Structures are given as C-alpha cells and as structure tokens.
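*Asks:* predicted model follows, preceded by the sequence.
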Amino acid sequence: MTRPPLNLFIIGPSGSGKSTQAKLIADKYGLTHLSMGQLLRDEMAAKSNYGLEAKKYIDQGKWVPDELAYRVLREKLELINNSNFIIDGFPRMLNQALLIEEYFSSRNQTVSLLILLSVTYEEIAQRRQKMGRTFQDLARTDNNPKAIASRQKSYDDTADPIIYHYQKLKKLFEVDGNRPIEPIFNDICQKIDLLIKN
C-alpha cells in the first residue's frame with residue numbers, strides 16, 4: 001500500500017536544531033530535505049538575481065521578503081513534484097504560509113504537518129557558546145551577536161500568527177526542543193508514524 005505524500009514544515013528559532021532534525025527525518029522517511037536558509041545561501045553564492053536581492057536582507061539579520069522566499073522555494077518544489085519533502089525554516093511569516101498553501105492546493109497537494117521546535121533563548125545562547133566559531137558559522141555572514149539577537153526578535157514577532165494558523169488547521173505539532181537530539185527526533189517520529197497510519 002502506498003502511503004500518502006508526507007509534506008512537512010519544521011520551524012523554530014535560529015539555533016533550535018531545525019536542520020539537524022529535518023535531515024534525520026528526511027533520511028528515515030525518504031523525503032527531500034529543503035533548508036530555506038541553505039537555498040538562499042546557495043542563491044547568494046551563485047550571485048543569482050534572487051541571491052543578490054536576498055543578501056541585502058540577510059546581512060542585516062532581517063527576513064527575506066515573502067514573495068522572494070516563496071519564488072525560490074517554489075522552483076525547487078516543482079523539481080520534486082511538490083511532494084514528499086521536509087522544509088526547514090519556512091514559513092517565517094503567515095503570508096508565506098498562505099502563499100504556499102494556495103500553491104499546493106492549486107496542485108491538489110496539502111501540508112501534512114508543521115513541526116514546531118520550542119527552544120528557550122537561554123538554551124540557544126548556550127548552544128552558540130558551545131559551538132564557538134565552527135566552519136559553518138564562518139560560512140554565514142549573519143552570525144554576530146547583534147544579528148543573532150535581531151533574528152531571535154524577528155522570529156518571536158512572526159511565529160505566533162503561524163502557530164495559531166496551523167493550530168486552527170489541526171496541523172501543528174509542538175515539541176520540546178530544549179533536549180538532546182535523540183528524544184526530540186523520537187517524539188517527532190511517533191507523530192509522523194501516527195500521521196501515516198491514519
């Protein structure tokens with residue numbers, strides 16, 4: 001029996017471990033992992049029109065405008081038939097959620113679940129200290145303390161409407177992200193397995 005497509009989003013503040021969990025989930029369930037941040041960094045590295053436009057915002061620790069993020073993501077989704085994916089770091093704004101949902105419904109697809117990693121600011125600050133300046137940090141132009149604080153504030157300001165929206169749709173799964181990787185992953189897998197069964 002073929003399972004219905006698994007179309008997942010995972011969000012959480014910067015440093016919450018979204019990408020780590022998304023990679024594990026993608027491996028376990030055979031999904032395409034798309035990281036919104038990485039897609040934008042790839043565009044910037046390629047110095048594409050999208051990339052040049054995005055860089056202006058990212059360097060200031062600001063979110064890329066909805067329409068731009070949506071266009072970059074849509075191109076990638078078309079390559080995988082708009083199904084069986086996990087996207088980390090999207091949606092960042094309620095409007096992005098509405099844009100992508102409209103796009104999916106025009107293609108008879110739907111979002112299966114929004115996974116929310118709830119992590120305290122203190123925990124994120126600690127993780128950043130532990131990490132120090134790793135290679136990955138050096139690849140980012142926005143990892144100075146001012147930009148980190150700015151991203152945290154941006155996230156707090158925009159996450160609530162998204163959370164409320166997916167709660168109403170009964171497609172929100174909130175998980176305690178202040179723990180090690182393994183128990184978080186196990187909790188998420190239990191939820192996904194339930195989805196598949198039902």
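*Replies:* Cool, got the structure.
*Asks:* what bits of this protein have low per-residue confidence?
*Replies:* Within the chain, the ranges that satisfy pLDDT under 70 run 1, 132-148.
*Asks:* all strands of it, in order?
*Replies:* 7-11, 32-35, 85-88, 113-118, 172-176 (DSSP state E).
*Asks:* closest one to Ile124 among those strands?
*Replies:* Ile124 sits nearest to strand 113-118 of all these, at 10.5 Å, using Cβ to Cβ. Every C-beta, even on glycine, is put in place using the N, C-alpha and C of the backbone.
*Asks:* so for that closest one, what gets flagged as buried?
*Replies:* 113-117 (16 or more other Cβ atoms under 10 Å).
*Asks:* contacting residues around that strand?
*Replies:* 8-13, 16-18, 21, 162-163, 166, 171-178, 184, 188, 191-192, 195 (Cβ atoms under 8 Å, 6 or more residues apart in numbering).
*Asks:* strand partners of that strand, parallel vs antiparallel please.
*Replies:* strand 7-11 (parallel), strand 172-176 (parallel) (DSSP bridges).
*Asks:* just name the most buried of those.
*Replies:* Most buried of the strands paired with strand 113-118, by mean neighbour count (mean count of other Cβ atoms under 10 Å): strand 7-11, with a mean of 25.
*Asks:* please state the offset of that one from the chain centre?
*Replies:* Strand 7-11 has its C-alpha centroid displaced from the chain centroid by 6 Å (Cα atoms, centre = their mean, to the nearest Å).
*Asks:* again, but for stretch 180-191
*Replies:* Counting by Cα atoms, centre = their mean, stretch 180-191 comes out at 17 Å from the chain centroid.
*Asks:* extract the CA atoms of it and return them as PDB.
*Replies:* This file holds the C-alpha atoms of stretch 180-191, laid out as PDB (Å, rounded to 0.1, in the frame of the first residue of the first chain):
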ATOM      1  CA  PRO A 180      19.200  16.300  23.200                       C
ATOM      2  CA  ILE A 181      18.700  15.400  19.500                       C
ATOM      3  CA  GLU A 182      17.600  11.800  20.000                       C
ATOM      4  CA  PRO A 183      14.500  12.200  22.300                       C
ATOM      5  CA  ILE A 184      13.300  15.100  20.100                       C
ATOM      6  CA  PHE A 185      13.600  13.000  17.000                       C
ATOM      7  CA  ASN A 186      11.800  10.100  18.600                       C
ATOM      8  CA  ASP A 187       8.900  12.300  19.600                       C
ATOM      9  CA  ILE A 188       8.600  13.700  16.000                       C
ATOM     10  CA  CYS A 189       8.800  10.100  14.500                       C
ATOM     11  CA  GLN A 190       6.000   8.900  16.800                       C
ATOM     12  CA  LYS A 191       3.800  11.800  15.500                       C
END
